[in-house]
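[1] Fold the stuff below for me.
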Amino acid sequence: MSKLNKFMKQAQKVQQRMENIQKELADSLIEVEAGGGAVSITIGGDQVFHTIKIKPEIVDKNDVEGLEDLILTAVNQAVTESKKYADERTKELTGDINLPEGLGF
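    I've put the predicted structure just below:
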């Protein structure tokens, strides 16, 4: 088998593993809370938001800014956790190779 054929077979295996990881990321759900559970967000490993829940008892029309801060905190935490999870999963495929951003992960 030529080196090119061997390389192409390896590339196909890597591509299939990448597709499997991307599907797993899309299917994985991460839940984060802010304000002691006052705001909770569910996000996928692919950074797609699934739910945002706000406990009704914390809604105060005189403190909209406080609610906005809680939501912002929860959203930022959700994105951070989702990216961290995705990085861990893709690192299994790429090892310690630093791939350029936007390569498809």
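[2] how about low-confidence regions in this structure?
    Across the chain, the ranges flagged by pLDDT under 70 are 1, 94-105.
[3] ranges for the strands of this protein?
    Taking DSSP state E, the strands of the chain run over residues 29-34, 39-44, 49-54.
[4] What pairs with the second one, parallel or antiparallel?
    Applying DSSP bridges, strand 39-44 is found paired with strand 29-34 (antiparallel), strand 49-54 (antiparallel).
[5] Reformat these as JSON lines; add mean neighbour count and distance to E68.
    The way it works is simple: take the backbone N, C-alpha and C, and place the C-beta from them, glycine included. JSON lines is the format used below for the strands paired with strand 39-44 (neighbours: other Cβ atoms under 10 Å; distance: least, Cβ to Cβ, whole Å):
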{"stretch": "strand 29-34", "mean neighbour count": "17", "distance to E68": "11"}
{"stretch": "strand 49-54", "mean neighbour count": "13", "distance to E68": "11"}
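[6] Give the bridge partners for the closest residue to L29 other than its chain neighbours, please.
    Excluding its sequence neighbours, the residue lying closest to L29 (Cβ to Cβ, 6 or more residues apart in numbering) is T42, at 5.3 Å. As for beta bridges, T42 partners with E31, T51 under DSSP bridges.
[7] quick one: contacts for the closest residue to E81 other than its chain neighbours?
    Distances taken as Cβ to Cβ, 6+ apart put I30 closest to E81, at 5.1 Å, once the chain neighbours are dropped. I30 makes contact with T42, I43, G44, G45, A78, E81, S82, Y85 under the criterion Cβ atoms under 8 Å, 6 or more residues apart in numbering.
[8] let's see 10 Å
    41-45, 47, 50, 77-82, 84-86 (Cβ atoms under 10 Å, 6 or more residues apart in numbering).
[9] I'd like the distance from it to L72, if you could.
    I30 is 17 Å from L72, where distance means Cβ to Cβ, to the nearest Å.
[10] before we move on, what about T51?
    In this structure, T51 and L72 are 17 Å apart, going by Cβ to Cβ.
[11] before we move on, what about Q47?
    From Q47 to L72 the distance is 16 Å (Cβ to Cβ).
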